[in-house]
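A.B. asks: any chance you can model this:
(one chain, ligands or ions: 1)
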Amino acid sequence: MAEELTLDTTLTKAEQYRQLLPQIEALTTGEPDLVANLANTAAALRQAFGFFWVGFYLVKGDELVLGPFQGPIACTRIRKGKGVCGSSWAQAATLLVPDVEQFPGHIACSSESKSEIVVPVLKDGTVVAVLDVDSDQLNDFDEADQQALEQLMGLAAAWF
Ligand code: SME
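C.D. replies: Numbers count the residues shown, from 1 in each chain. The predicted structure is shown next:
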């Protein structure tokens, strides 16, 4: 497909995800390179929604290590159970954090990050990575983000 996204910002957020996900699927189908697929996914999400930071942390041994991302520089390593990302890994569950200051142990890579959603990528029942999306607005994520990003990470599992 052409390396250009079709985006309609007059749609609701859920509709925008419904427009975007098949495009990410088309962009990554047939591409065997993990980094290429994670990089384009992070870029597509940021381009579509203008999030402050979008990226992946990959499980490597007993740590998460920074992977492809879009946004300001970020922490490179996070231990299991630490911060929102390490907690999502430990719980193998999506974490929606409306106010990062209220999340005990939140790791502040940037003071501009106000709310956050972290979605694990599960391969055969094991977390292999997490998607972290940060906003500079409080309470910027809801069930529409969770549902769509979980669906997307279901697709992403096949890249690992
Ligand atoms: N806030 C995250 C760390 C990653 S950065 O936000 C990019 C956390 O608490 O796990």
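A.B. asks: ok, now which ones touch the closest residue to A74 other than its chain neighbours?
C.D. replies: Nearest non-adjacent residue to A74, counting by C-beta to C-beta, 6 or more residues apart in numbering: C109, 4.3 Å away. C-beta here means a position set from N, CA and C on the backbone, and glycine is covered the same way. By C-beta atoms under 8 Å, 6 or more residues apart in numbering, C109 lies in contact with 53, 72-75, 134.
A.B. asks: which strands or helices does the host helix or strand of A144 pack on?
C.D. replies: Element membership for A144, per DSSP states H and E: helix 143-156. Secondary-structure packing of helix 143-156 (3 or more C-beta pairs under 8 Å, 6 or more residues apart in numbering; DSSP states H and E): helix 13-28, helix 34-49, strand 115-123, strand 126-135.
A.B. asks: just to revisit the earlier point, buried subset of the contacts of C109 as a ChimeraX selection?
C.D. replies: Here is the ChimeraX command that selects the buried residues among the contacts of C109 (16 or more other C-beta atoms under 10 Å):
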select :53,74,134
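A.B. asks: taking the contacts of C109 together, which two end up most distant?
C.D. replies: I73 and D134 (12.8 Å; C-beta to C-beta).
A.B. asks: ok, now how distant is V119 from the ligand?
C.D. replies: Distance of V119 to the ligand, computed by C-beta to the nearest ligand atom, to the nearest Å: 12 Å.
A.B. asks: so that residue makes contact with L131?
C.D. replies: Yes: the criterion here is C-beta atoms under 8 Å, and V119 meets it with L131 at 4.7 Å.
A.B. asks: now do the helix holding A144 and strand 126-135, the angle between them.
C.D. replies: With axes from the mean of the first three to the mean of the last three C-alpha atoms, to 10 degrees as the basis, helix 143-156 and strand 126-135 are set at 140 degrees to each other.
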